[in-house]
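# With the input below, show me the fold.
(one chain, ligands or ions: 1)
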Amino acid sequence: MSKKEHIEGINRNLTSYGDVGFSRYLRRAFLSSAGYDRIDLGKPIIGIVDTSSDYNSCHRQMPEMVQAIKRGVLQAGGLPLAFPTISLNEILTSPTTMFFRNLQAMETEEMIRAQPMDAVVLVGGCDKTLPAQMMAAISADIPAVSVVAGSMLTGSWRGERLGACTDCRRMWARHRSGELSEDEINEIEQALCSTGGTCMVMGTASTMACVVETLGLMMPGGATPPHSSGDRLKNCVVSGRQAVELARSGLKPSAILSPASFRNALTVLMSLSGSTNAVVHITAMARRAGISLTLDDYNAVAERVPVIVDCKPAGKGYMEDLHHAGGVPVLLKELESLLDLSTLSITGQTLGEQIKNIKAPGSWQTTIRRLSDPLYPKNAIVSLKGSLAPNGAVIKAAAASPHLIRHTGKAIVFESPEDAIDRLDNPELGITPDHVMVLRNGGPIGAGMPEAGSLPIPKYLAAQGVKDMVRVSDARMSGTAYGTIVLHCCPEAAVGGPIALVRDGDLIELDVEQKRIELLVGEDELALRKKSFVPPPTPKRGWAKLFAEHVTQADEGCDLDFL
Ligand code: FES
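Next up is the predicted model:
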């Protein structure tokens, strides 16, 4: 196929006026007002999805990144046209960005389809923005390059290195237990986020960046350069150049993604001890590509992959350390024996060709370990099943407490995140370290699936030195969090899943090794309880109604069922 055949440029996706010649003429007329002449408009058009926003400090230097991408596009002979979409910041969006991920995906997909572009560069980063953009690019299926904001640099407080948000949580827990004063936590608050960029531990943003690079939808080495670095801007320039190449070659996500590329992505996810949120996002992306991924597929990969990236929350390093150690290319080199090397990337090369000349992790660094010397032997993220979660649940075993991964305890139930906030610290509840704290109505339909699953340890127990307890919910947790926390219980409480039927005092048994989570209550009793189950009211209008009526459960990726 000739290169020319893939370029329609400004004549792609014409506005409908019932006269093609008029539509083209009108486009040229309006674009002349922006200074574009026929030479400009004869070039491949590269759309750039810009998610800069004053509400998104994780994307703070994105305007400079977009300029660097434009430079790369111009160098390669394309015409860059940037356009804004929704930008979701984890910390400034209520009730939770997860409620809006599919809205961003829909908006991005539709704008890619509606406007003239031969290829698209999608610039995201903060947790939901990247999966939303990839879902959009996969569905729109035009040549696409992912660029991420990159991580923040670490901060420092009284000589201690700090990073969002594992250290945000750790320090807050010390404050709740009385170990850190009000003045001290105020000082820490000002030291945690020292630059723009995404959270600099192996949270959801970092995990998904590494996953997307592995899937072949990002330029090699693009996942790890810090937001404020020259390496980040250089990645933008090469991504712009590559987008023009893709516009000419016509290489689309559908030709890149395969069951093997997703298995490779799961291998990297497990080697990172990545965010549990990635399970939801990767499943949704695979679904968009027409590839089925089940929780059993995650377990099959987790069984054979050790954790070799030493980053918080499972380890001690930060994203800038991973970048200095060589980033994803060096990680892929070390994982070579566990990967399918025939998968393709936007470079047009196979994974095998791409990592052929990459060197194994150097002995001068400690962030990417050798397979023979893992941080954690296997099963970083475990999918659980059992009577409490017949369709599945997940736990980040690598960030759980060894003494709790096999535990039976009495349930103490909170009806919602708000109920937990109201009652959790009340000593009259009589919560002990052996209790299993259950949070329900935090699933996709119940609450948009907020990151509320990592319930804090009750203050009075924290003051006694209790650092972890078993917690179970149908909500998610931040990829930066840690503890023995069972998440994404399916079906969720709002649709009458077994988690809706738990009562205070019921026994819950967690056995991570056996991959089980059981509610030890007889079937007859559960059937009785089910009779009195009343589902929550459905929202009456707008996005909330569409979302509640069509969102799928966590084991299917929480996408809308019609997308
Ligand atoms: Fe944006 Fe963590 S809040 S990546």
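
# okay, the closest residue to the ligand within the stretch 351-500 of the chain: pLDDT?
Each residue of the stretch 351-500 of the chain has a distance to the ligand, by Cβ to the nearest ligand atom, and the smallest belongs to residue 480, at 7.2 Å. (Glycine included, C-beta is placed from N, CA and C.) pLDDT for residue 480: 80.

# Which of the three states applies to it?
The three-state assignment at residue 480 reads coil, by DSSP: H, G, I helix; E, B strand; the rest coil.

# Near it, how many other residues are there?
The local packing count at residue 480 equals 29, with neighbours defined by other Cβ atoms under 10 Å.

# mind starting the numbering at 212 from now?
I'll keep to 212 as the first residue from here, and by that count the last item is residue 691.

# Quick check: which element contains residue 728?
With elements delineated by DSSP states H and E, residue 728 resides in strand 727-730, which encompasses its position.

# Flag every buried residue along that strand.
Within strand 727-730, the residues that qualify as buried by neighbour count (16 or more other Cβ atoms under 10 Å) are 727-730.

# nearest to residue 461, of those residues?
Ranked by distance to residue 461 (Cβ to Cβ), the buried residues of strand 727-730 are led by residue 728 at 46.6 Å.

# surely that closest one meets residue 593?
No: with contact defined as Cβ atoms under 8 Å, residue 728 does not reach residue 593; the gap is 10.1 Å.

# Would you mind listing what in the protein touches the ligand?
When proximity is defined by Cβ under 6 Å from any ligand atom, the chain lies next to the ligand at 269, 300-302, 337-338, 409-410, 414, 416.

# ok so, going back, for whichever helix or strand comes after the strand holding residue 728, the distance to its chain's centre please.
Downstream of strand 727-730, the first helix or strand assigned by DSSP H and E is helix 734-742. The gap between the average C-alpha position of helix 734-742 and the chain average comes to 37 Å, counting by Cα atoms, centre = their mean, to the nearest Å.

# Kindly report the same for stretch 546-559.
Counting by Cα atoms, centre = their mean, stretch 546-559 is centred 21 Å from the centre of its parent chain.

# still on that earlier bit, quick one: residues contacting the residue of the stretch 562-711 of the chain closest to the ligand.
With contacts defined as Cβ atoms under 8 Å, 6 or more residues apart in numbering, residue 691 is in contact with 375-377, 379-380, 410, 412-415, 486, 523-524.

# What count of nearby residues applies to the residue in the stretch 412-561 of the chain positioned nearest to the ligand?
Among the residues of the stretch 412-561 of the chain, residue 416 lies closest to the ligand, at 3.7 Å counting by Cβ to the nearest ligand atom. By the criterion of other Cβ under 10 Å, residue 416 has 32 neighbours.

# Residue 381 now?
Other residues close to residue 381 by other Cβ under 10 Å number 18.

# Can you work out which other helices and strands pack against the helix or strand that contains it?
With secondary structure defined by DSSP H and E, residue 381 is part of helix 377-387. Identification of packing neighbours for helix 377-387 by 3 or more Cβ pairs under 8 Å, 6 or more residues apart in numbering; DSSP states H and E yields helix 393-400, helix 670-673.

# export the last one as PDB, just CAs?
The one in question is helix 670-673. Extracted as PDB, the C-alpha positions of helix 670-673 are listed here (Å, rounded to 0.1, in the frame of the first residue of the first chain):
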ATOM      1  CA  LYS A 670      -7.700   6.300  65.600                       C
ATOM      2  CA  TYR A 671      -7.700   4.500  69.000                       C
ATOM      3  CA  LEU A 672      -6.200   1.400  67.400                       C
ATOM      4  CA  ALA A 673      -3.600   3.400  65.500                       C
END
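
# re earlier: tell me the average confidence for the helix holding residue 381?
The average pLDDT within helix 377-387 is 91.

# quick one: buried residues of it?
Buried residues in helix 377-387, counted by 16+ other Cβ under 10 Å: 377-384, 386-387.

# Stretch 337-350 now?
Neighbour counts using 16+ other Cβ under 10 Å place 337-350 of stretch 337-350 among the buried residues.

# Among those residues, which one sits closest to the ligand?
Looking at those and their distance to the ligand, the nearest is residue 337, at 3.4 Å (Cβ to the nearest ligand atom).

# The nearest residue in space to that closest one that is not next to it in sequence: what's it in contact with?
Distance criterion Cβ to Cβ, 6 or more residues apart in numbering; nearest residue to residue 337, sequence neighbours excluded, is residue 269 at 4.0 Å. Contacts for residue 269 were tallied using Cβ under 8 Å, 6+ apart; they are 300-301, 336-337, 360, 363, 407-410, 416, 438.

# Would it be right to say that residue 269 lies in a helix?
Yes: inclusion of residue 269 in a helix is indicated when three-state DSSP is applied.

# circling back: what bridges to the nearest residue to the residue of the stretch 412-561 of the chain closest to the ligand once chain neighbours are set aside?
Nearest residue to residue 416 in three dimensions, chain neighbours excluded: residue 409, at 3.7 Å (Cβ to Cβ, 6+ apart). Here residue 409 sits in beta bridges with residue 362, as judged by DSSP bridges.

# shouldn't residue 409 be in contact with residue 364?
No: with contacts defined as Cβ under 8 Å, residue 409 does not count as touching residue 364, sitting 11.4 Å away.

# what touches both of the two?
Taking Cβ under 8 Å, 6+ apart as the contact rule, the neighbours common to residue 409 and residue 364 are residue 438.

# neighbour count winner among these two?
A side-by-side neighbour count of residue 409 and residue 364, using other Cβ under 10 Å, places residue 409 first with 31 against 19.

# residues touching that one, list them.
If a contact means Cβ under 8 Å, 6+ apart, then residue 409 has 269, 336-338, 359-363, 416-417, 420, 438 as its contacts.

# Now pLDDT too, for those, in a markdown table please.
Below are the contacts of residue 409 laid out as a markdown table (pLDDT from 0 to 100):
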| residue | pLDDT |
| --- | --- |
| 269 | 97 |
| 336 | 97 |
| 337 | 97 |
| 338 | 96 |
| 359 | 98 |
| 360 | 98 |
| 361 | 98 |
| 362 | 98 |
| 363 | 97 |
| 416 | 97 |
| 417 | 97 |
| 420 | 98 |
| 438 | 98 |
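
# Which of these lies at the shortest distance from residue 563?
Closest approach to residue 563 among the contacts of residue 409 (Cβ to Cβ): residue 420, at 22.0 Å.

# same for whichever strand or helix holds the closest one, what does it pack against?
In this structure, residue 420 is located in helix 415-426 according to DSSP H and E. Taking 3+ Cβ pairs under 8 Å, 6+ apart as contact, the helices and strands that helix 415-426 lies on are helix 340-351, strand 355-359, helix 470-483, helix 488-499, helix 538-545.
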